[in-house]
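Visitor: attaching a predicted model along with its sequence, questions to come.
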Amino acid sequence: IDQLLADGVAGKRVFVRADLNVPLDGTTITDDGRIRAVQPTIAKLAEAGARVVVASHLGRPKGAPDPAFSLAPAAARLGELLGTHVEFATDTVGESATATVAALQDGQVAVLENLRFNPGETSKDDAERGVFADRLASLADVYVGDGFGAVHRKHASVFDLPARLPHAAGFLIDTEVGVLKKLTEDVSRPYVVVLGGAKVSDKLGVIDHLLEKADRILIGGGMAYTFLKAQGHEVGISLLQEDQVPAVLEYLERAEAKGVEFVLPVDVLVASEFPDLKTKAPANPAVVAADAIPADQEGLDIGPETRKLYASKLADAATVFWNGPMGVFEHPDYAEGTKAVAQALVDSPAFSVVGGGDSAAAVRILGFDEKAFGHISTGGGASLEYLEGKTLPGLAALED
Ligand code: 3PG
């Protein structure tokens, strides 16, 4: 983007592919981190006199307009952050988008409606994506890729569109890739990784890779119960991916052979039912040892001993990568595990990278100061796939 700005963008229509996929409660944005993260790129382009066309996906609509997934709230929030009026087109390549972009003056910003309202955006068919990318290309002179959270998707606006326009990476992608590169190339040790979240199947690729890189891996969240099961413990009615038990067992054995320390919860908070996240009614969980979860109970957070254990395992780290909450942090009775990990990172001098929409949002929602962390990534799947060493379509498309 520096080169692009140096060459001059005044009067040019610059298409910014952002990731404005923010969590919403109705039309209220509960965490605007992703909008703030892309704001510098948009602000700089507008200041330089570009006519900025911002596009993004939100959620997973079914390839057709769906008001529940409108980007209108995100466009309004972007306008507030920029301190300027932001135009909003009610479609992506139709009449509204064409007219909105045509009316843009130098330095003005418009946001298009959700790209995924068009089936061409996510199509597996190259030709169908190509048709949509051609139509998007007609709205712009230059492409700036800055939706880091979506670079692992081979989607029209991420992969096919940059091939059709002069293109550059924005400030956010530049920063994100710089940080993650550090974790894959010259990482300072001890390198401790904390993995949580619901599904172990989402994390197998990254665990495979981390067994070659990390010194210590701490496991929490819903995925911990598949690990406990693999160790021969009963997990009651906790989240369990039984089909992943053999893979997990193999990882535990490989870790032991390689001297990578795997740390599992020693105690957990349990209840007989999932908490009500709307009313947040008290859940009154019990603390039980991780190898003694009653048959009718569900593990919903790591317990107090585990919190202490994990804090001690993080205290001497030089580098930390954390992806995924330790429990159902959206409910106050199950937020302590996630808070304890966040606090341990704040207290530690380690360079800490928080990756993943959920853990990044958790850190902010639980009231931590973002600046206390080395880097909070806007990418969940994208940062994991980067660490797995995969080629990410949205980065490959910007490289040449
Ligand atoms: C994310 O939330 O990880 C990104 O916005 C990508 O969204 P997706 O998983 O729906 O493609």
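Guide: Nice, I can see it.

Visitor: near the ligand, which residues of this protein show up?
Guide: Counting by Cβ under 6 Å from any ligand atom, the chain comes close to the ligand at 19, 21, 60, 149, 150, 153, 357, 380, 381. For glycine as for every other residue, the C-beta is placed from the backbone atoms N, C-alpha and C.

Visitor: how close does the fourth one sit to residue 394?
Guide: Relative to residue 394, residue 149 is positioned 10 Å away (Cβ to Cβ, to the nearest Å).

Visitor: picking up where we left off before, got a PyMOL select line for the buried ones in the residues of the chain next to the ligand?
Guide: The following PyMOL line selects those of these that are buried, judged by 16 or more other Cβ atoms under 10 Å:
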select buried, resi 19+21+149+150+153+357+380+381
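
Visitor: how far off centre is the lowest-mean-pLDDT helix or strand in the chain?
Guide: The helix or strand of the chain with the lowest confidence, counting by mean pLDDT, DSSP states H and E, is helix 357-365 at a mean of 83. Helix 357-365 sits 9 Å away from the centroid of its parent chain (Cα atoms, centre = their mean, to the nearest Å).

Visitor: now the stretch 1-150 of the chain against the ligand: closest residue?
Guide: Nearest residue of the stretch 1-150 of the chain to the ligand: residue 21, at 3.4 Å (Cβ to the nearest ligand atom).

Visitor: contact partners for that residue?
Guide: 34, 56, 57, 58, 59, 149, 150, 357 (Cβ atoms under 8 Å, 6 or more residues apart in numbering).

Visitor: where does it land in three-state SS?
Guide: coil (DSSP: H, G, I helix; E, B strand; the rest coil).

Visitor: can you give me the buried ones in whichever helix or strand residue 127 is part of?
Guide: Per DSSP states H and E: residue 127 is located in helix 126-137. Residues of helix 126-137 classed as buried: 128, 129, 130, 131, 132, 133, 135, 136, 137 (neighbour count, 16+ other Cβ under 10 Å).

Visitor: give the residues shared as contacts by residue 149 and residue 394.
Guide: Counting by Cβ under 8 Å, 6+ apart, the residues touching both residue 149 and residue 394 are residue 382.

Visitor: need the contact list for the residue of the stretch 251-400 of the chain found nearest the ligand.
Guide: Closest to the ligand within the stretch 251-400 of the chain is residue 380: 3.9 Å, counting by Cβ to the nearest ligand atom. Shown in contact with residue 380 (Cβ under 8 Å, 6+ apart): 149, 323, 355, 356, 357, 358.

Visitor: what ranges do the helices span in this structure?
Guide: 2-7, 33-47, 72-82, 95-103, 126-137, 171-184, 204-210, 224-230, 245-258, 304-315, 336-347, 357-365, 381-387, 393-399 (DSSP state H).

Visitor: and residue 134, how far from residue 160?
Guide: For residue 134, the distance to residue 160 - Cβ to Cβ - is 9 Å.

Visitor: now residue 42
Guide: 22 Å.

Visitor: now do residue 326
Guide: Applying Cβ to Cβ to residue 326 and residue 160 gives a distance of 38 Å.

Visitor: also residue 3?
Guide: Counting by Cβ to Cβ - residue 3 and residue 160 are separated by 23 Å.

Visitor: tell me which of those two has more neighbours.
Guide: With other Cβ atoms under 10 Å as the criterion, residue 3 and residue 160 differ in neighbour count, and residue 160 comes out ahead with 24 against 7.

Visitor: quick one: residues contacting the more buried one.
Guide: Residue 160 touches 126, 129, 130, 132, 133, 397, counting by Cβ under 8 Å, 6+ apart.

Visitor: closest point of the stretch 151-300 of the chain to the ligand, which residue?
Guide: residue 153 (5.0 Å).

Visitor: mind listing what that residue touches?
Guide: 122, 159, 393, 394.

Visitor: related to what we said a few turns ago, ok, which of the helices of the chain comes nearest residue 198?
Guide: Ranking those by proximity to residue 198 (Cβ to Cβ) places helix 357-365 first, at 9.0 Å.

Visitor: angle of that closest one against helix 336-347?
Guide: 70 degrees (axes from the mean of the first three to the mean of the last three Cα atoms, to 10 degrees).

Visitor: output the contacting helices and strands for helix 357-365.
Guide: Applying 3 or more Cβ pairs under 8 Å, 6 or more residues apart in numbering; DSSP states H and E, one finds that helix 357-365 contacts helix 33-47, helix 336-347.

Visitor: same thing but at 10 Å, please
Guide: helix 33-47, strand 319-323, helix 336-347, strand 351-355, strand 375-376, helix 381-387 (3 or more Cβ pairs under 10 Å, 6 or more residues apart in numbering; DSSP states H and E).

Visitor: would CSV of those with mean pLDDT and distance to residue 228 be doable?
Guide: Listed next are the helices and strands packed on helix 357-365 as CSV, based on pLDDT from 0 to 100; distance: least, Cβ to Cβ, whole Å:
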stretch, mean pLDDT, distance to residue 228
helix 33-47, 97, 32
strand 319-323, 96, 19
helix 336-347, 96, 15
strand 351-355, 94, 24
strand 375-376, 94, 29
helix 381-387, 92, 22
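
Visitor: can you tell me which of these is most buried?
Guide: strand 319-323 (a mean of 27; mean count of other Cβ atoms under 10 Å).

Visitor: please consider this matter closed, and thank you.
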